[in-house]
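Trainee: Below are the sequence and a predicted model; questions follow.
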Amino acid sequence: MLPTRTWDEGEPGPQITGAFDICSLPTEILALIFELVHKQGHLQGTVRGRATEEILISHVCSLWRNTALAVPQLWTKYRCVKPSPERFAVEYERLQTYLTRSGTDTDLDLVFDFVDIPVTVKDPSAMDMLNLVVPNLYRLRRFVLLSDGVNFVIPLHRALTGVSAPRLEHFEVLTGKYHDIMEEGYDGQPHWDPKILTEGPPNIKFLKLDSPALGKFRPPFNNLVHFSLEAGIPRLKLFLLWVCLEQVLSLPFIETFSLWDAVIANPNPGHLLRRIKADRLKHVRFGCSPTRLQMIFSQWPCYPLFFFLHYVSAPLLETITISSVTLDTPQIPVSPLVLGQVDLSYVFPNLQSLFLNNITYPDPGEQAAGSRTIERLFSATANIARLCISETVKIPGDGVLKALEMDPGIQRVKPWPQLRELSIPNQEAWTRLILFCMDYWPQLSIIRLPPLALDFVATLWDIPVEESTHTRDLKPRSFWVDFFFKNRPPSLGPSGKGPDRKQVRVEETQDVFPMYWPPGYMRSSGMDTGKFDSIHKGPVGT
């Protein structure tokens, strides 16, 4: 029950003055204001060491404290972010407090970030906290558990076996540590085979696992909308079976799909590849971590990408992101395309944007005619209007832009004829490349460059950069180029209407890749739930 503001006999009541006294508001209105402040504060993010809004509100005065304690919604979001070992006892008590104050029927949103905490493997502190969650599974809406293999969190899967979480929508577990394979065995089931919450979380929409966690933290996923799978520690490989990839892409409600690093086993020889129609799929991502070896050689032919481009139709697909892979055609027994299942003329009809980060272009002579991954990428994405290319690998073959310029086979294809916006987030973007792009794509009207590259090009061409003069409507710094086709020098001035010239706007940009995956998905906490959230996995062009 909300507290009521009263005045003692003889105490002056609320006075009407020029200043507004928030304490004169009815407690019901005050509670609604607290809820709004609480919601907005969590959307802005959780900062380690900073008191949260509900704590600040409850320490202003006795009226505010009593009101805050009477509003269960203020205590439904708990964040444990990298606590020091000596603070585990405090966090344990704080979690108990939040679970009590949030009542018994409000939805819970819980995040545990145990990454980089120097806790010994046998330390039970982390599991003591997680065990408090189990009796509250029935009201759990969002659960995030991040670890790095140091903390003892793996046994949690046993408590999640044979139970249900009827309100669960967001389930994210990155353990960084494999279960005891010697004790519990490998996963040999030829399908998804749920391991936890087997009584069913019918509302689950978001699932994110790393390869160590997928062995024991797989829930039922029939109503899944967002799927993301990351790699675990490299010294032990635990792959999701190929048939599971086909199952996920075939789910009726799947909208976003992400694979990072080698986390899917290649299909067995003799497995019949079949065409999949992903009717609701909107965003896909394939990539791997840019380790030093991969940054130098980038030798990872991504078979799931090859399969996706050849066997999946997605009428609503909007974006494709590919990062730190080579566009080789995989040389494995199932590489030959299955007649009747592949339509090489298929183009993703609604595709708008293509993001290519650190992509290595293979030697054309080593590619099989008619099944080259890069040619299929060009043809399947022919309708895009926006392209982002960031290339940092310097090896023979270089990247996609050089392929466009040097490969006769690619020149005949003339990829992306409708391209209007091009982003090159490399500080070292050179003028010859910019001129080539202007000449290559007739419809190109906007080129986006990072600040240093923008200033360098403008200085070299002696074109002034336009600065925004309105503080309320900040526009990117930019300049116009009056471009003549066939690589004639750029000039400043009004554009003619002839077929051999056009105007191109060169803009400054900072972030060209969507900041979090999946694009547009709003995490209710506003918190970066770990190093795996960034769509391009680290700085682009550095």
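Mentor: That came in fine, so what should we check first?
Trainee: mind checking which helix or strand of the chain has the lowest mean pLDDT?
Mentor: Within the chain, no helix or strand scores below helix 292-297, which has a mean of 42 by mean pLDDT, DSSP states H and E.
Trainee: hang on, F239 packs against P267?
Mentor: No - applying Cβ atoms under 8 Å as the test, F239 and P267 come out as separate, 11.4 Å apart. Glycine gets a C-beta too; all of them are placed from N, C-alpha and C.
Trainee: These two: which is more packed in?
Mentor: Taking neighbours as other Cβ atoms under 10 Å, F239 and P267 compare with P267 leading, 19 against 15.
Trainee: Looks like the more buried one contacts W242 (just checking).
Mentor: Yes - P267 lies in contact with W242 (Cβ under 8 Å); the separation is 4.2 Å.
Trainee: Just list whatever residues bridge to T256.
Mentor: H226, H283 (DSSP bridges).
Trainee: List the residues that contact it.
Mentor: Going by Cβ atoms under 8 Å, 6 or more residues apart in numbering, T256 touches 225-228, 281-284, 517-519, 521.
Trainee: cool, and L422?
Mentor: Listed by Cβ under 8 Å, 6+ apart, the contact set of L422 reads 386-389, 437, 441, 444, 446-448.
Trainee: try L156
Mentor: 127, 130, 145.
Trainee: surely the last one meets T175?
Mentor: Yes - in this structure L145 lies within contact range of T175 using Cβ under 8 Å: 7.3 Å.
Trainee: ok, how many other residues are close to Y138?
Mentor: Neighbour tally, Y138, other Cβ under 10 Å: 14.
Trainee: mind listing what it touches?
Mentor: Counting by Cβ under 8 Å, 6+ apart, Y138 has contacts 164-167.
Trainee: which of those count as buried?
Mentor: 164-165, 167 (16 or more other Cβ atoms under 10 Å).
Trainee: would you list those residues in CSV and tack on distance to E375 and pLDDT?
Mentor: Putting these into CSV (distance: Cβ to Cβ, whole Å; pLDDT from 0 to 100) gives the following:
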residue, distance to E375, pLDDT
S164, 48, 91
A165, 46, 93
R167, 47, 93
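Trainee: Which residue, other than its chain neighbours, is closest to S164?
Mentor: E199 (3.6 Å; Cβ to Cβ, 6 or more residues apart in numbering).
Trainee: mind showing which ranges of the stretch 351-500 of the chain have poor pLDDT?
Mentor: 361-371, 391-399, 427-429, 468-474, 484-500 (pLDDT under 70).
Trainee: Helices of the stretch 151-300 of the chain, start to end?
Mentor: 156-159, 181-184, 211-214, 242-249, 292-297 (DSSP state H, counting those that start in this stretch).
Trainee: low-scoring stretches of the stretch 101-250 of the chain, by residue?
Mentor: 119-123, 179-190, 233-238.
Trainee: who's more crowded, L145 and T175?
Mentor: More neighbours surround T175 than the other of L145 and T175, with 28 against 25 (other Cβ under 10 Å).
Trainee: ok, that one - contacts?
Mentor: Going by Cβ under 8 Å, 6+ apart, the list of residues near T175 reads 145, 147, 149, 153-154, 210, 212-213, 217, 232.
Trainee: Format those residues as TSV; extra columns: distance to G409.
Mentor: As requested, these are arranged in TSV below (distance: Cβ to Cβ, whole Å):
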residue	distance to G409
L145	48
S147	47
G149	45
V153	51
I154	50
D210	38
P212	42
A213	42
F217	45
G232	38
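Trainee: Tell me the buried residues within those.
Mentor: Neighbour counting by 16+ other Cβ under 10 Å classes 145, 147, 153-154, 210, 212-213, 217, 232 among the contacts of T175 as buried.
Trainee: a markdown table for those, including distance to R94?
Mentor: Formatted as a markdown table, the buried ones among the contacts of T175 follow (distance: Cβ to Cβ, whole Å):
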| residue | distance to R94 |
| --- | --- |
| L145 | 17 |
| S147 | 19 |
| V153 | 18 |
| I154 | 24 |
| D210 | 27 |
| P212 | 28 |
| A213 | 25 |
| F217 | 25 |
| G232 | 30 |
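Trainee: Looking at the residues you listed, which are in strands?
Mentor: Judged by DSSP state E, strands contain the following of these: 145, 210.
Trainee: picking that back up, which residues are common contacts for L145 and T175?
Mentor: V153.
Trainee: Could you give the bridge partners of H170?
Mentor: Residues in beta-bridge contact with H170 (DSSP bridges): R142, F206.
Trainee: and what of the one 4 residues further on?
Mentor: Under DSSP bridges, the beta-bridge partners of L174 are L146.
Trainee: burial count for it?
Mentor: Residues near L174, counting by other Cβ under 10 Å: 26.
Trainee: Look up how far G103 lies from it.
Mentor: Counting by Cβ to Cβ, to the nearest Å, the separation of L174 from G103 is 30 Å.
Trainee: what does L354 give?
Mentor: For L354, the distance to G103 (Cβ to Cβ) stands at 47 Å.
Trainee: Just list the residues touching I264, thanks.
Mentor: By Cβ under 8 Å, 6+ apart, I264 lies in contact with 229, 239-240, 242, 244-245, 303-304.
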